[in-house]
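Trainee: build me a model from this:
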Amino acid sequence: MRNHLPPILVSLVLLVLMGYWTFYELRWIDHQQKQSELQNSDMMAAFTQSILRTELRRGKRLLRDRLQMVFSDAMSQTPLVQLTLKDDKGKVLLQVMRTINAAAAQPLSSNIYTKTYDLKVSEDMMDTSQGMGMHMGHFGISMSNNRTSNEWIVLDTPKLQLEVKTDATHIHNNALRTRQRVYTTGLIGLLAILAFCVLWLVSLRQRMLRNSLELAQSQARHLKDLAQIASGLAHETKNPLGLIRGSAQQLLKNIKDNESQLETTSNILDQVDIATSRLGDFIAYAKPAEPDLAYIAVKALFERMYSLMRDEISNIGCTLKYVSPDIEINCDQKKLLQILMNLLLNAKQNSHSGCVINLNCGINNSTAFIEVNDNGDGISKEQLGDIFSPYTSRNEGGSGLGLAIVKRIVEAHGWNINVRSEPGVITTFKIEGIQYRTGSHE
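Mentor: Numbering: from 1, shown residues only. As a prediction, the model looks like this:
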């Protein structure tokens with residue numbers, strides 16, 4: 001886990017920086033949008049005020065139609081969409097909206113920026129020496145006194161309010177496109193950071209796995225070398241044991257009247273046999289041979305096993321039973337006999353008078369299985385986890401290699417073995433994954 005911290009921390013720092021950049025860019029876009037809207041509105045307000053000042057030079061009366069026409073023409077060429085002129089009491093003096101034609105009003109956009117400006121009406125803005133009937137050269141429209149009162153806007157207040165509404169759609173669209181670019185860049189950056197983190201973690205994981213594999217291979221080679229050395233040592237030890245046994249047998253023949261020497265020589269023979277048996281078990285575990293596979297009949301195999309173990313099991317008051325279907329299984333016969341011998345001996349050693357030991361074979365889906373079960377003392381939960389470990393024995397005087405050898409031979413065949421136990425009820429050793437075929441094939 002400690003090796004994973006650097007890529008995670010670097011990715012978090014990059015994510016924070018990316019988030020800060022995105023936040024700053026969005027804030028900058030909002031600021032620029034507001035500034036553009038304000039500048040646009042101020043420009044339109046300045047334009048409007050310049051027209052009003054031009055008109056106010058002719059006096060305190062403004063011709064409504066003239067202003068509407070001037071502002072409508074300006075709205076068709078600028079972002080200005082609505083203009084409202086009010087007196088200091090809020091009374092609307094003039095309101096002009098952008099139109100499509102003379103008959104229909106154009107609906108206002110949803111992106112409208114509104115701002116109100118104060119306009120002072122002073123005497124220096126007006127030139128009352130010129131009559132109302134003179135021609136307005138600035139707009140090319142003539143004015144005369146022959147107008148009704150509704151057509152005139154009379155300014156009898158020193159202050160005016162000018163409300164300007166401008167269309168900010170173009171500004172909003174530009175801001176939206178800029179935001180989309182920021183979001184896209186942020187998303188690409190986020191994906192890049194995540195990909196960087198994942199690739200770094202995968203690289204670390206691969207490096208760890210590679211190191212673990214190299215370590216495991218090194219340990220396997222070392223254990224193989226140790227197994228070969230130990231196997232060779234055990235094999236060499238059996239030779240002097242054979243000489244000792246031969247010498248003890250010779251002494252036993254020559255000694256006739258000395259009971260003490262006869263007992264000592266017999267003990268030597270017994271201990272040599274025990275040592276030789278344990279060395280054989282050790283060699284079988286340390287250096288197992290590859291199985292010589294062939295199809296054999298289960299029924300004949302079980303009958304042979306029954307004849308070998310029946311008397312030994314019945315001597316302790318137990319019963320041996322077997323069930324065998326008419327199938328052939330692919331195995332090394334000698335090694336399978338060794339497996340069954342060890343399992344049955346293990347069941348016998350943990351049973352008592354009246355117990356039943358069963359040897360069964362069956363078919364499970366596309367493979368066969370073999371199981372040995374008994375209703376003896378069983379195996380405790382603490383012992384189940386180490387039941388197949390070397391030098392783990394539940395019986396006094398046992399080598400602790402019997403079940404370990406069984407597991408080695410089972411795995412060499414490509415099978416699986418498992419055990420389940422309810423002490424005092426049933427204990428079952430089950431070998432699964434055995435290839436089989438039905439009937440007899442010559």
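
Trainee: for the stretch 151-300 of the chain, what spans make up the strands?
Mentor: With strands called from DSSP state E, counting those that start in this stretch, the stretch 151-300 of the chain shows them at 152-154, 159-167, 294-297.

Trainee: what's the answer for the stretch 1-150 of the chain, then?
Mentor: Assigned by DSSP E, counting those that start in this stretch, the stretch 1-150 of the chain shows strands spanning 61-63, 80-87, 92-97, 112-120, 135-136, 141-142.

Trainee: of all those strands, which one is nearest residue 276?
Mentor: Across those, the minimum distance to residue 276, taken as CB to CB, is reached by strand 112-120, at 104.6 Å. C-beta coordinates here come from the backbone N, C-alpha and C atoms, glycine included.

Trainee: let me see the mean pLDDT of that closest one.
Mentor: Per-residue pLDDT values over strand 112-120 give a mean of 83.

Trainee: do the same with stretch 347-362
Mentor: Taken as a whole, stretch 347-362 carries a mean pLDDT of 90.

Trainee: list the buried residues in that stretch.
Mentor: 347, 348, 349, 350, 351, 355, 356, 357, 358, 359, 360, 361 (16 or more other CB atoms under 10 Å).

Trainee: in helices, which of those residues appear?
Mentor: 347, 348, 349 (DSSP state H).

Trainee: low-confidence stretches in the stretch 201-350 of the chain?
Mentor: 223-236, 238-239, 256, 278, 281-289 (pLDDT under 70).

Trainee: circling back to that earlier point, now render the buried residues of stretch 347-362 as CSV, adding distance to residue 175.
Mentor: Output for the buried residues of stretch 347-362, formatted as CSV (distance: CB to CB, whole Å):
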residue, distance to residue 175
347, 84
348, 89
349, 87
350, 84
351, 87
355, 88
356, 88
357, 87
358, 84
359, 84
360, 80
361, 80
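
Trainee: need the contact list for the residue nearest to residue 360 when sequence neighbours are not counted.
Mentor: If the residues on either side of it in the chain are set aside, residue 360 comes closest to residue 323, at 4.7 Å by CB to CB, 6 or more residues apart in numbering. With contact taken as CB atoms under 8 Å, 6 or more residues apart in numbering, residue 323 is in contact with 358, 359, 360, 361, 362.

Trainee: check residue 88 too.
Mentor: 157, 158, 159, 160, 161.

Trainee: out of the residues you listed, what pair is the most spread apart?
Mentor: Using CB to CB, the two most remote members of the contacts of residue 88 are 158 and 161, lying 12.2 Å apart.

Trainee: neighbour count winner among the two?
Mentor: Set residue 158 next to residue 161 and count neighbours by other CB atoms under 10 Å: residue 161 wins out with 18 against 12.

Trainee: hey, what's that one bridged with?
Mentor: Beta-bridge partners recorded for residue 161 (DSSP bridges): residue 86, residue 118.

Trainee: quick one: it from residue 112, how far?
Mentor: 18 Å (CB to CB, to the nearest Å).

Trainee: what of residue 186?
Mentor: For residue 186 relative to residue 112 (CB to CB), the value is 30 Å.

Trainee: same question, residue 385
Mentor: Residue 385 sits 78 Å away from residue 112 when distances are taken as CB to CB.

Trainee: the two: which is more packed in?
Mentor: Each of residue 385 and residue 112 has its neighbours counted (other CB under 10 Å); residue 112 has more, 15 against 9.

Trainee: in space, what's closest to that one - neighbours in sequence excluded?
Mentor: residue 165 (5.3 Å).

Trainee: enumerate every residue touching the one you found.
Mentor: 80, 81, 82, 83, 84, 108, 112, 113, 114.

Trainee: and the helices in the stretch 201-350 of the chain?
Mentor: Using DSSP state H, counting those that start in this stretch, the helices assigned to the stretch 201-350 of the chain run over residues 259-286, 298-314, 333-349.

Trainee: what helices and strands are in contact with the second one?
Mentor: So the one you mean is helix 298-314. strand 319-323, strand 327-331, helix 333-349, strand 356-364 (3 or more CB pairs under 8 Å, 6 or more residues apart in numbering; DSSP states H and E).

Trainee: closest one to residue 265 among those?
Mentor: Of all those, helix 333-349 sits nearest to residue 265, with 28.5 Å by CB to CB.

Trainee: next one: the closest one to chain centre, how far?
Mentor: 46 Å (CA atoms, centre = their mean, to the nearest Å).

Trainee: kindly report the same for stretch 158-169.
Mentor: Using CA atoms, centre = their mean, the offset of stretch 158-169 from its chain centre is 58 Å.

Trainee: what's the answer for stretch 370-383, then?
Mentor: With CA atoms, centre = their mean, you get 40 Å for stretch 370-383.

Trainee: what's next to it, contact-wise?
Mentor: Contacts of stretch 370-383 (CB under 8 Å, 6+ apart): 318, 340, 343-344, 347, 350-352, 355-362, 387, 392, 394, 419, 421-431, 434.

Trainee: okay, now residue 21: neighbour count?
Mentor: For residue 21, using other CB under 10 Å, the count is 14.

Trainee: same question, residue 319
Mentor: 13.

Trainee: just residue 217 next, same as before
Mentor: Using other CB under 10 Å, residue 217 has 10 other residues around it.

Trainee: tell me the spacing between it and residue 210.
Mentor: Counting by CB to CB, the separation of residue 217 from residue 210 is 11 Å.
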